[in-house]
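**Q** Pasting the sequence and the predicted model now:
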Amino acid sequence: MNNKLYKMMNWPKIEDIIYSECDDPHSLLGPHLRGNQTFVQAYFPGAKAVTIEFDRQSQLKSVEMELADEEGFFAVLIPAKKLPDYHYLVTAGDGTQRSFGDPYRFTPLITKEDTDKFQNGIHYTIYEKLGAHPCQIDGVKGTYFAVWAPNAMRVSVVGDFNNWDGRVHQMRRLWDSGIFELFIPGVSAGEFYKFELKARGGLTYLKADPYGNAAQLRPDTASVVADLTGFTWEDQDFLEKRHQFQQGNVPVSIYEMYLGSFAEPTEGRYYANYRELAPKVIEYVKKMGYTHVELMPVMEHPFDGSWGYQVIGYYAPTARYGSPEDFMFFVNQLHKAGIGVILDWVPAHFPRDAHGLSNFDGTCLYEHLDPRQGAHPHWGTLIYNYGRPQVSNYLIANALFWVEKFHIDGIRMDAVASMLYLDYGKNDGEWVANMYGGKENLEAIEMIKHLNSIMKKHNPGVLSIAEESTAFPMITGDLDKGGLGFDLKWNMGFMNDYLGYIKNDPYFRSYHHNELTFSMIYTYSEKFILVYSHDEVVHGKATLAGKMPGATARDKLAGLRLTYAYQMAHPGKKLLFMGQDIAEFDEWNENRQVQWNLLEQPEHAGVAKLVADLNHLYRTNKALYELDDHPDGFHWMNCISSNECYLAFVRKGVKKEDMVLVIANFAGIEQEITTGVPQDGKYKEILNTDDQKYGGSGIVNNRVKRAEDKECDAYPQSVTVKAAPQSVSILQYIPYTEEELQKIEEQHVKKKSAANKAADKNTKKKEVM
């Protein structure tokens, strides 16, 4: 090496590069101006020779670099102040040659404003900065990589493009942000990569990209470079009308589903592709009348048995069903069919897998250091440190990411109770109180409020749903009034109480009547979804049909039809887990075509037909949704006949004529039930769960019922209906027409006249006597 070059070398920094301990490689590698010349340094471990080759249109000729260190460090001084486009031609020790772009000649794409916003937890599009993003800089195509790892000594990008050698592409730390970044020319979508981190103690290990947009199919764990900009969306009409489709008092009936069990995959695949699933899901959902699907987590996760609830790749649709673009296709097709898409989302905890978020940069970066704060003893998972702004930013931006990049219509937040309470699932001594000595997780509460506030501001009309199982107040309360700001809350109390009631033999139900009616005491305290979700059927809990008492399938199916009709008539949005709408009796059927096959079986088709008709009735009858969150929309007719095991109530819309009367017979015997009615008029049965077309015995009320002047339930008028064992009858109120009222008045006049004549006759008889 010539003496001039030798003196220009910064040997301590070169040693940092060679030993892969440098967090500012750009200060040494790449082109640097020295007077009127450009000093270029490069590091290619094990290389024999390196030549700089310039663009063909350049007047500069190729330049051979000098070997400054036998480990593969090269340098050259070029007599030019500005270099045209160039690349390195590297000759390996075995004589093979390969071309590389220079990743150290580019300025950062991340700005100081970006890092300041991220450090304050308010960079809501941080997913466009961190991660791996194919792009073009100064005419050079490649991928921009960035990761947050503040406590790492050094971070590198590794992949097939550099033989997974962490010495080759060491990244630059951006000031005090803790973010490392690097643009690597020539890396394109589809390439596998990870980040190699070197901790302060010297431990070197690999991590998947927390912001990666795609991942390898398990059991492989690498991230995959993905381009999310190429898909052409066709759902603008749906998005423009989304607010009126799902916000406020409108019918929302959700089909909760696990994509992995819905349809048979093509030969050679374990799971069906998103593109294969889309038409089948659409056909089924439209046939059954649901308004939305709720997908159990589609974010990348390592363990199939978790059903997606232990997430590793929060920003990546799971590769089990295809690529990110395939998932965009799925959502796009459902939107074109008028079906909303809700995602289950898990910000409460994450698994300990070595390639994931745990101990990410050699420290507890995403989780708490103290296991009393940072671990779930029952689940074996780790708890996010919500008080760290960059961690809350990671989660808030993630929810926004799915809405803004994949057009998702709602986020259902899983395990909210475990976030709200520091002692959730823990014994004394296993948790740390908050600053006031309480058990509320103040940092998690603030993160939730922050998310709901930003979601409403950035994406009005998108649903924010809480799966929350406690009595924590104001879950769906307004943010400006101290609430958490969710749009809807799962009503776990209704589900638990109802299933606790219905499991009893009808003979003993009278002793549990309060379990049936208790939900109406609190139903207007929040905006609820009534759920029969996957939680009720997993881990050997039996299907809903299996929970029904009875010695025969007929008895069980009667109870199931009663259950679905009562859910539909009760105030609240609706949710039903896949498989339950067709009364499948097995605990879990290995046949992946369970939905399609069983729907056509005669013994189950009646329940499927009932669910479809209930969904249609719900979506077309305003009384069942128009005043859903207002007490004026519901009124008990009779809720105290515990010995007879029946309920009667009305649901009301804004218009009087939309009212329906609901009579639910929970007894195991046929009854003739007389109930008071709030309006004079006719009552026509529009649905009866015992109808033969639903698999019932056919005890229905075919004739229109006229309100009779017989006092009942503190009302001057009443109707009487036949009620089969374990059945629901829904009757539409029909006001009398003017012509009918005139006839009724004429009949009243005739009756009154006849009564008067009879009275006069009796009076005369008495006078004669």
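**A** Received it, and whenever you're ready, just let me know what you need.
**Q** okay, now residue 184: neighbour count?
**A** Residue 184 has 25 neighbours, counted by other Cβ atoms under 10 Å. All C-beta atoms are positioned from the backbone trio N, CA, C, and that covers glycine.
**Q** how about the helices in the stretch 301-450 of the chain?
**A** Here the stretch 301-450 of the chain has its helices, by DSSP state H, counting those that start in this stretch, at 324-336, 371-374, 389-406, 416-420, 442-458.
**Q** among the ones you listed, which is nearest residue 126?
**A** Taking Cβ to Cβ, helix 389-406 is the member of the helices of the stretch 301-450 of the chain nearest to residue 126, at 4.9 Å.
**Q** Nearest to residue 82, out of the helices of the stretch 301-450 of the chain?
**A** That would be helix 389-406 among these, by Cβ to Cβ, at 37.5 Å.
**Q** So which elements touch the closest one?
**A** Packed against helix 389-406, as judged by 3 or more Cβ pairs under 8 Å, 6 or more residues apart in numbering; DSSP states H and E, are the following elements: helix 112-119, strand 313-317, helix 324-336, strand 340-345, strand 410-413, helix 442-458.
**Q** Now render those as TSV, adding distance to residue 762.
**A** Below are the helices and strands packed on helix 389-406 laid out as TSV (distance: least, Cβ to Cβ, whole Å):
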stretch	distance to residue 762
helix 112-119	93
strand 313-317	86
helix 324-336	75
strand 340-345	70
strand 410-413	72
helix 442-458	74
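**Q** okay, stretch 641-657 in PDB with CA atoms only?
**A** What follows is stretch 641-657, C-alpha atoms only, in PDB (Å, rounded to 0.1, in the frame of the first residue of the first chain):
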ATOM      1  CA  SER A 641     -92.500 -16.000  34.900                       C
ATOM      2  CA  SER A 642     -89.700 -18.100  36.200                       C
ATOM      3  CA  ASN A 643     -91.800 -21.200  37.000                       C
ATOM      4  CA  GLU A 644     -93.200 -21.200  33.400                       C
ATOM      5  CA  CYS A 645     -89.700 -20.500  32.000                       C
ATOM      6  CA  TYR A 646     -90.600 -18.000  29.400                       C
ATOM      7  CA  LEU A 647     -89.900 -14.400  28.400                       C
ATOM      8  CA  ALA A 648     -91.800 -11.900  26.400                       C
ATOM      9  CA  PHE A 649     -90.500  -8.500  25.200                       C
ATOM     10  CA  VAL A 650     -90.800  -6.100  22.400                       C
ATOM     11  CA  ARG A 651     -88.000  -4.500  20.200                       C
ATOM     12  CA  LYS A 652     -88.800  -1.100  18.800                       C
ATOM     13  CA  GLY A 653     -87.600   1.100  16.000                       C
ATOM     14  CA  VAL A 654     -88.100   4.800  15.500                       C
ATOM     15  CA  LYS A 655     -91.400   4.100  13.800                       C
ATOM     16  CA  LYS A 656     -94.200   2.500  15.800                       C
ATOM     17  CA  GLU A 657     -95.100   0.100  13.100                       C
END
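**Q** and residue 310, what does it touch?
**A** 301, 302, 303, 346, 349, 350, 351, 381 (Cβ atoms under 8 Å, 6 or more residues apart in numbering).
**Q** same deal with residue 647?
**A** So residue 647 contacts 516, 517, 636, 638, 639, 641, 662, 663, 664, 666 (Cβ under 8 Å, 6+ apart).
**Q** Quick check, pLDDT for it.
**A** Looking at residue 647, its pLDDT stands at 98.
**Q** In a helix, residue 574, correct?
**A** No - applying DSSP: H, G, I helix; E, B strand; the rest coil, one finds residue 574 to be strand, outside a helix.
**Q** surely residue 218 meets residue 302?
**A** Yes - with contact defined as Cβ atoms under 8 Å, residue 218 counts as touching residue 302 (5.5 Å).
**Q** neighbour-wise, which of these two wins?
**A** Between residue 218 and residue 302, counted using other Cβ under 10 Å, residue 302 has the larger neighbour count: 18 against 15.
**Q** For the more buried one, give me phi and psi.
**A** phi -80, psi -30 (degrees, to the nearest 10).
**Q** In stretch 433-451, which residues are buried?
**A** 441, 443, 444, 445, 447, 448, 449, 450, 451 (16 or more other Cβ atoms under 10 Å).
**Q** what would these look like in a markdown table with distance to residue 409 and pLDDT?
**A** Converted to a markdown table, these look like this (distance: Cβ to Cβ, whole Å; pLDDT from 0 to 100):
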| residue | distance to residue 409 | pLDDT |
| --- | --- | --- |
| 441 | 28 | 97 |
| 443 | 28 | 97 |
| 444 | 25 | 97 |
| 445 | 25 | 98 |
| 447 | 22 | 98 |
| 448 | 19 | 98 |
| 449 | 21 | 98 |
| 450 | 21 | 98 |
| 451 | 16 | 98 |
